[in-house]
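Student: Provide a 3D model corresponding to the input given below.
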Amino acid sequence: MKVATAAYPLDWFDTWAQYEDKLASWVSEAASNGATLLVFPEYGAMELATLAGATVAGDLEGSLHAVSDLMAEADALHARLAAEHDVHILAASGPAAADPRPVNRARLITPDGAVGVQDKQIMTRFEREEWHVASGGPLTLFDTDLGRIGVLICYDAEFPLLGRALAEADILLVPSCTEALSGYWRVRIGAMARALESQCVSVMSSVVGAADWSPAVDINTGTGGVFGPPDKGFPQTGVLAEGQLDLPGWTYAEVDLDAIAHVRHDGVVLNRTHWQEQPARIKSVTKRDLRSERP
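Tutor: As a prediction, this is how the structure comes out:
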């Protein structure tokens, strides 16, 4: 299959039709280039807050609820485009209403209209201390016509046990939103590490550019990337494709499920299989003070 992962800029909209036109253009472009799995980034849905006006878009609390109120309509639009172009779409994540606080939710939408949701598991300091976005529902492994797919939203990709919980996934989608270059690289390193450990393909997307109307997503750095284990059937660097930093647009890569199955069965290394050997090794750690043994 061919995957398309977005380096996605946030725009200002005065009307819903402008948002429809933008999304339709992005999906049409990727589909016309042969992509069957399209990945949009974390908090890409925050541009919907502009439809409520500058005061709401510029308010941390107000923007959460303004976007959440439009998510059902956004999902319907994604479903229509997924059916029209016969593609699977990971819609840009955004706040979704939950009790007691909104969660950060991505939605995986299939061509036949099925919608799977994945909430972010571990919140960044900004999300928990300033924005008060909450952790959501559990991790989910999605069986699709394109293979088994898991989603680790941005910071979640930096935690190996979350990746291990999705070890049956052929493809891990990592939608991200990072302000600084260091943040981009933290998530990218996490995405690459998860691909190494689970001997799968990870697909990272990013919000890019400025959105100075928002205190939450005002500065964004990143690009799209597709990564695999540096082993048989994959590039020696593990990088299947990467975009140009901060340049909006799609990055494409061919993903071969047979290559994933082969490397898991007969790779030069078998990280995924050998993972289970770690607990016994951890228990055997001993302490030794070399300072007391100086000659």
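
Student: and residue 48, what is it in contact with?
Tutor: By Cβ atoms under 8 Å, 6 or more residues apart in numbering, the contact list for residue 48 reads 13, 19, 66-67, 70, 74, 94. For every residue, glycine as well, the C-beta is placed using N, CA and C.

Student: so the closest residue in space to residue 244 that isn't next to it in sequence: helix, strand or coil?
Tutor: Distance criterion Cβ to Cβ, 6 or more residues apart in numbering; nearest residue to residue 244, sequence neighbours excluded, is residue 223 at 6.2 Å. Three-state call for residue 223 (DSSP: H, G, I helix; E, B strand; the rest coil): coil.

Student: quick one: residues contacting residue 223.
Tutor: Going by Cβ under 8 Å, 6+ apart, residue 223 touches 7, 184, 206, 208, 242-247, 251.

Student: buried ones only from those, please, as a PyMOL command.
Tutor: Per 16 or more other Cβ atoms under 10 Å, the buried members of the contacts of residue 223 correspond to this PyMOL selection:
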select buried, resi 7+184+206+208+242+243+246+251
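
Student: so which of the contacts of residue 223 comes closest to residue 292?
Tutor: Residue 292 lies nearest to residue 184 out of those, by Cβ to Cβ, at 44.4 Å.

Student: the closest one reaches residue 178, doesn't it?
Tutor: Yes: applying Cβ atoms under 8 Å as the test, residue 184 and residue 178 come out as touching, 4.5 Å apart.

Student: what residues are shared contacts of those two?
Tutor: In terms of Cβ under 8 Å, 6+ apart, residue 184 and residue 178 are both contacted by the residues 206, 221-222.

Student: as CSV, those residues with pLDDT and distance to residue 79 would be great.
Tutor: As requested, the shared contacts of residue 184 and residue 178 are arranged in CSV below (pLDDT from 0 to 100; distance: Cβ to Cβ, whole Å):
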residue, pLDDT, distance to residue 79
206, 98, 24
221, 98, 31
222, 98, 27
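
Student: using CSV, please lay out those together with distance to residue 51.
Tutor: Output for those, formatted as CSV (distance: Cβ to Cβ, whole Å):
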residue, distance to residue 51
206, 23
221, 25
222, 24
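
Student: out of these, who's nearest residue 113?
Tutor: Minimum distance to residue 113 across the shared contacts of residue 184 and residue 178 is 27.6 Å, recorded for residue 206 (Cβ to Cβ).

Student: mind telling me what element that closest one is part of?
Tutor: Following DSSP states H and E, one finds residue 206 within strand 201-210.

Student: show me what counts as buried in that strand.
Tutor: For strand 201-210, by 16+ other Cβ under 10 Å, it's 201-209.

Student: of the contacts of residue 223, which belong to strands?
Tutor: 7, 206, 208, 242, 251 (DSSP state E).

Student: got the contact list for the second one?
Tutor: In this case it means residue 206. Taking Cβ under 8 Å, 6+ apart, one finds 6-8, 41, 176-178, 184, 220-224 in contact with residue 206.

Student: the strands in the chain, which residues?
Tutor: Under the criterion DSSP E, the chain carries strands at the ranges 2-9, 37-39, 88-96, 103-109, 115-119, 142-144, 147-151, 171-176, 201-210, 219-220, 225-227, 239-242, 249-254.

Student: can you report phi and psi for residue 168?
Tutor: Main-chain torsions, residue 168, degrees, to the nearest 10: phi -80, psi -10.

Student: roughly how far apart are it and residue 21?
Tutor: Look at residue 168 and residue 21: by Cβ to Cβ, to the nearest Å, they are 38 Å apart.

Student: ok, now residue 163?
Tutor: 36 Å.

Student: between those two, which one's more packed in?
Tutor: Between residue 163 and residue 21, counted using other Cβ atoms under 10 Å, the more crowded position is residue 163 (27 against 12).
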